[in-house]
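Trainee: Structural data only, the sequence is not supplied:
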């Protein structure tokens, strides 16, 4: 069994598991050998949480769950498994019982909310020509273009799915706030972090895509969570 816990990375809306690419390489460089990235169907919170639970159950030993954006709601719903030793939120939703990401966003709308559009099949997209400025303004034009073109659209109804039993109430937590986030209002991130009473909160001058623009500090936080559960 590895001497470090397994890390399970959970992406959010408008992205896939590959959004974690820079964090994955940094974790491996630091000696983490059991690395896993969930590919969420983004069809409902229940579906995404179950996909994450199934991955965790395949792993022997302790697990740290890390969620970006909507992935925070997923780890909140799925994280109360015995082998999960900690939850790390990266510019992420951390709903309480009965709350949804949509409700939280309505309470303090993010700067780029007008750049999200629904298609005729009920999927939500970030407008391609607005993706860079909305999601990843601190990445290069090329990186943002790739993210925009390969974005993974959620079913719009998923945005309204509420958490049932928040794992952050029973598991140790860590939170990273992106102070220049235009997809989740930074004040919402601070509020969600504060109420969960995390072991540590860090603030980065970063876009919503902090996992790609500042992988070093994000990995530092994950590494701290992994060490705390050892």
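Mentor: Here it is on my side, so go on. Quick caveat, the model's predicted, so the values are computed rather than measured.

Trainee: where does this protein dip in pLDDT?
Mentor: Residue ranges of the chain with pLDDT under 70: 1-2, 229-230.

Trainee: burial count for the residue lying closest to residue 47 once chain neighbours are set aside?
Mentor: The shortest distance from residue 47 to any non-neighbouring residue, by C-beta to C-beta, 6 or more residues apart in numbering, is to residue 41 (5.2 Å). (Glycine included, C-beta is placed from N, CA and C.) Residue 41 has 14 neighbours, counted by other C-beta atoms under 10 Å.

Trainee: which one is residue 144 nearest to, not counting chain neighbours?
Mentor: Nearest non-adjacent residue to residue 144 (C-beta to C-beta, 6+ apart): residue 132, at 3.7 Å.

Trainee: Tell me which helix or strand residue 134 sits in.
Mentor: Here residue 134, judged by DSSP states H and E, is contained in helix 131-135.

Trainee: Residues touching that helix, excluding its own?
Mentor: Residues from elsewhere that reach helix 131-135 (C-beta atoms under 8 Å, 6 or more residues apart in numbering): 14, 111-112, 115, 126-127, 139, 141, 144-145, 147-148, 151, 182-183, 207-209.

Trainee: let's go with 7 Å and repeat that
Mentor: 14, 112, 115, 126, 141, 144, 147-148, 151, 182-183, 207-209 (C-beta atoms under 7 Å, 6 or more residues apart in numbering).

Trainee: Which one of these sits in the busiest neighbourhood?
Mentor: residue 208 (31 neighbours).

Trainee: Do I have it right that that residue meets residue 181?
Mentor: Yes: with contact defined as C-beta atoms under 7 Å, residue 208 and residue 181 form a contacting pair (4.8 Å).

Trainee: what residues do these two have in common as contacts?
Mentor: Taking C-beta under 7 Å, 6+ apart as the contact rule, residue 208 and residue 181 both touch residue 91.

Trainee: what's the distance between the longest strand along the chain and the middle of its chain?
Mentor: As assigned by DSSP state E, the longest strand anywhere in the chain is strand 84-92. The chain centre lies 8 Å from the centre of strand 84-92; the measure is C-alpha atoms, centre = their mean, to the nearest Å.

Trainee: which outside residues touch the helix or strand that the helix holding residue 134 is followed by?
Mentor: Note on helix 131-135: by DSSP H and E, the next helix or strand toward the C-terminus is helix 141-149. Helix 141-149 is contacted from outside by 15, 128, 131-132, 135-136, 212, using C-beta under 7 Å, 6+ apart.

Trainee: repeat that for 8 Å
Mentor: Contacts for helix 141-149 (C-beta under 8 Å, 6+ apart): 14-15, 19, 126, 128, 131-132, 135-137, 139, 209, 212.

Trainee: How about stretch 11-23?
Mentor: 9, 37-40, 42, 67-72, 92-93, 124-126, 135, 147, 150-154, 158-159, 209, 211-212, 215, 218-219, 222.

Trainee: Please repeat the previous calculation with a cut-off of 7 Å.
Mentor: For stretch 11-23, using C-beta under 7 Å, 6+ apart, the contacting residues are 9, 37-40, 42, 68-71, 126, 135, 147, 151-154, 211-212, 215, 218-219.

Trainee: That'll do, ta.
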